[in-house]
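Asks: Predicted structure and sequence below. I'll ask about it afterward.
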Amino acid sequence: MIPGGGQPNMQQLLQQAQKMQQDLARAQEELAQTEVEGQAGGGLVKATVTGSGELRALRIDPKAVDPEDTETLADLVIAAVQAANENAQALQQQKLGPLAQGLGGGSGIPGLPF
């Protein structure tokens, strides 16, 4: 409901939408630069990803390498990368969640995503 029963100020709505887009872009840039880590095997395998999910580093402790059992090492790598991606998703939710709610808040104007 618009106070006073008047029409929405389109300029104001557009400015709010533009600010939300800028905030979203800034948060996405922060995510792309922030690194989070996941690990498996008690830290024998560590994966580092950006907040946007890009794999940046994979560290494997020599104790995790058994030439006779590469399947376990592969499982540890997968688990570490999955853990890192889960941490990245949590970071995304933390950074983008409030912005996404703002964008999906609904202005009541058909065709506008805010």
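Replies: Thanks, I have it. Numbers count the residues shown, from 1 in each chain.

Asks: contacts, neighbours, all on C-alpha from now
Replies: Fine.

Asks: Just give the nearest non-adjacent residue to residue 48, would you?
Replies: residue 37 (4.4 Å; CA to CA, 6 or more residues apart in numbering).

Asks: same question, residue 27
Replies: Going by CA to CA, 6+ apart, residue 27 has residue 95 as its nearest residue, at 6.2 Å.

Asks: related to what we said a few turns ago, in contact with the residue nearest to residue 48: list those residues for me.
Replies: Contacts were defined as CA atoms under 8 Å, 6 or more residues apart in numbering; by that measure residue 37 touches 46-49, 83-84, 87.

Asks: can you confirm it is in a strand?
Replies: Yes: under the criterion used here (DSSP: H, G, I helix; E, B strand; the rest coil), residue 37 sits inside a strand.

Asks: I'd like the distance from residue 42 to residue 73, if you could.
Replies: If you measure residue 42 against residue 73 using CA to CA, to the nearest Å, the figure is 13 Å.

Asks: more crowded one of these two?
Replies: Using other CA atoms under 10 Å, the more surrounded residue of residue 42 and residue 73 is residue 73, with 19 against 8.

Asks: Spell out the secondary structure type for the residue most central in space within the chain.
Replies: The centroid of the chain falls nearest to residue 92 when counting by CA atoms, centre = their mean (2.5 Å). The local conformation at residue 92, judged by three-state DSSP, is helix.

Asks: What is the helix or strand containing residue 25 packed up against?
Replies: With the criterion set as DSSP states H and E, the secondary-structure element containing residue 25 is helix 10-33. Here helix 10-33 touches strand 45-50, helix 70-103, going by 3 or more CA pairs under 8 Å, 6 or more residues apart in numbering; DSSP states H and E.

Asks: What is the neighbour count of the residue nearest to residue 27?
Replies: For residue 95, the number of neighbouring residues by other CA under 10 Å comes to 18.

Asks: Same question for stretch 48-64: list its buried residues.
Replies: Of the residues in stretch 48-64, those with enough neighbours to count as buried (16 or more other CA atoms under 10 Å) are 48-53, 55, 58, 60, 64.
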